[in-house]
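Engineer: starting from these lines, generate the structure:
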Amino acid sequence: MTGCPKCIRDRATYEKLSGATELQVCWFDITGQESQLRGLGIDPQKALLELHVCDMDGSIVSELDAYILLMGKVPLLKPLAWLISLPFIRPLLAKMYHWQVNSRLRRRGLL
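Structural biologist: Modelled structure (predicted):
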């Protein structure tokens with residue numbers, strides 16, 4: 001099995017937008033990495049359903065917190081990170097995010 005095509009596109013877009021900065025992101029394809037994920041304290045099924053990011057302190061954040069963390073490091077995306085963190089936008093966006101991920105995984109036969 002190969003990585004998720006949408007995830008690959010999203011990563012490429014993020015890398016293009018982040019440009020040549022000192023931003024360091026080490027990407028990790030979860031495909032076939034169940035034991036490594038468990039070693040990091042991440043449920044492999046949850047890793048399939050949500051983006052996870054390990055911050056500079058070693059804390060793992062997921063779902064929209066992970067997107068907010070990544071976007072907040074890119075000047076062009078900082079306003080979007082702020083916007084999606086607003087309490088009246090975040091719950092709606094979280095529902096849309098989970099619906100979209102679940103739909104995509106069902107189409108690929110992974111759920």
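
Engineer: let me see the contact set for the spatially closest residue to residue 111 that is not a sequence neighbour.
Structural biologist: The shortest distance from residue 111 to any non-neighbouring residue, by CB to CB, 6 or more residues apart in numbering, is to residue 105 (4.3 Å). Bear in mind the C-beta positions are built from the backbone N, C-alpha and C, glycine included. Neighbouring residues of residue 105 by CB atoms under 8 Å, 6 or more residues apart in numbering: 48-49, 111.

Engineer: please tell me how far residue 105 sits from residue 13.
Structural biologist: In this view, residue 105 and residue 13 are 20 Å apart by CB to CB, to the nearest Å.

Engineer: one more: residue 87?
Structural biologist: 27 Å.

Engineer: which one's more surrounded, those two?
Structural biologist: Neighbour totals were compared for residue 87 and residue 13, and residue 13 leads with 10 against 6 (other CB atoms under 10 Å).

Engineer: wait, is that one part of a helix?
Structural biologist: Yes: counting by DSSP: H, G, I helix; E, B strand; the rest coil, residue 13 is part of a helix.

Engineer: now which of the contacts of residue 105 would you call buried?
Structural biologist: Neighbour-count burial (16 or more other CB atoms under 10 Å) is assigned, among the contacts of residue 105, to residue 49.

Engineer: just the ones of the contacts of residue 105 in helices?
Structural biologist: Residues of the contacts of residue 105 located in helices (DSSP state H): 48-49.

Engineer: pipe the contacts of residue 105 into JSON lines and attach distance to residue 61 and pLDDT per row.
Structural biologist: Compiled in JSON lines, the contacts of residue 105 are given as follows (distance: CB to CB, whole Å; pLDDT from 0 to 100):
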{"residue": "48", "distance to residue 61": "17", "pLDDT": "89"}
{"residue": "49", "distance to residue 61": "15", "pLDDT": "91"}
{"residue": "111", "distance to residue 61": "23", "pLDDT": "82"}
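
Engineer: any chance of the contacts of residue 105 in JSON lines, plus distance to residue 72?
Structural biologist: Below are these laid out as JSON lines (distance: CB to CB, whole Å):
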{"residue": "48", "distance to residue 72": "24"}
{"residue": "49", "distance to residue 72": "22"}
{"residue": "111", "distance to residue 72": "30"}
